[in-house]
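K.L.:
sequence unknown, structure follows:
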């Protein structure tokens, strides 16, 4: 695969991003939307997984307005503090707009077939939900999306295929919230929900404290099937 760090033009600036392009003809393109740790080794690992599966993958620097180029680790206490400061200062509305611009950029790449999806983790998982409600993204996958419930009123606008991976032992998404999301999202035929009874938050964060390979592998397989179905 070919990998590079690029600049993505947005309507009000430029955002850094990591891009991975498969060697074979791509099925489509996917935006891999980070957690709260920046474009770090974990996100580059995800990008390589998607590229190896035949998808162009772009990892955007979501925090570019706050601190461009930040790379953090969940194993460093100072990084954890900084990550949460950035997280709670993040503007979701601007984030959705940036992802909409990013999707247009990807669709215009010569290697792309014009179809673009998204996969998001934690913070990125909520952005994927919002994109399916507010934009014309071709499809999106949310891993353990935090605070989706704060925008549950937008579920009536969810008009793009959306997959949600729920960690049922999630420290950041209470059982009552997961129950709410099941009740409100499941009736929509565009929504697929997969539950992981023994998984904690960030079970797919390769190298992270709560990483669980069986659950991560299962979720990746389901996500790739979903993405290939809607982007191919």
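P.N.:
Nice, I can see it. Everything numeric here is computed off the predicted structure, so don't read it as measured data. Residues are numbered from 1 along each chain as shown.
K.L.:
got the residue ranges for the helices in the protein?
P.N.:
With DSSP state H as the criterion, the chain has helices at 41-52, 77-88, 92-107, 123-134, 175-185, 213-231.
K.L.:
what comes into contact with the fifth one?
P.N.:
What that stands for is helix 175-185. Helix 175-185 is touched from outside by 148-149, 152, 155, 158, 162, 164, 166, 168, 170, 191, 193, 195, with contacts defined as C-beta atoms under 8 Å, 6 or more residues apart in numbering. Every residue, glycine included, has its C-beta placed from N, CA and C.
K.L.:
Quick check on those: which are buried?
P.N.:
Neighbour counting by 16 or more other C-beta atoms under 10 Å classes 148-149, 152, 155, 158, 162, 164, 166, 170, 191 among those as buried.
K.L.:
Go through those residues and name the one nearest residue 19.
P.N.:
Lowest distance from residue 19 to the buried ones among the contacts of helix 175-185 (C-beta to C-beta) belongs to residue 162, with 24.2 Å.
K.L.:
for that closest one, what are its contacts?
P.N.:
Residue 162 is in contact with 128-129, 132, 139-142, 185, 188, 190-192, counting by C-beta under 8 Å, 6+ apart.
K.L.:
quick one on the thing from earlier: out of the helices of the chain, deepest packed?
P.N.:
helix 123-134 (a mean of 26; mean count of other C-beta atoms under 10 Å).
K.L.:
Could you pull up the mean pLDDT of that one?
P.N.:
Taken as a whole, helix 123-134 has an average pLDDT of 98.
K.L.:
relative to helix 175-185, how tilted is that helix?
P.N.:
Here helix 123-134 runs at an angle of 20 degrees relative to helix 175-185 (axes from the mean of the first three to the mean of the last three C-alpha atoms, to 10 degrees).
K.L.:
Who are the packing partners of helix 123-134?
P.N.:
Using 3 or more C-beta pairs under 8 Å, 6 or more residues apart in numbering; DSSP states H and E as the contact criterion, the secondary-structure elements in contact with helix 123-134 are strand 28-33, helix 92-107, strand 116-121, strand 139-143, strand 162-167.
K.L.:
mind running it again at 6 Å?
P.N.:
For helix 123-134, the contact count by 3 or more C-beta pairs under 6 Å, 6 or more residues apart in numbering; DSSP states H and E identifies helix 92-107, strand 116-121, strand 139-143 as packing neighbours.
K.L.:
Contacts for the longest one, please.
P.N.:
It refers to helix 92-107. 8, 10-11, 29, 31, 58, 60, 112, 114, 116, 127, 130-131, 134-135, 137 (C-beta atoms under 6 Å, 6 or more residues apart in numbering).
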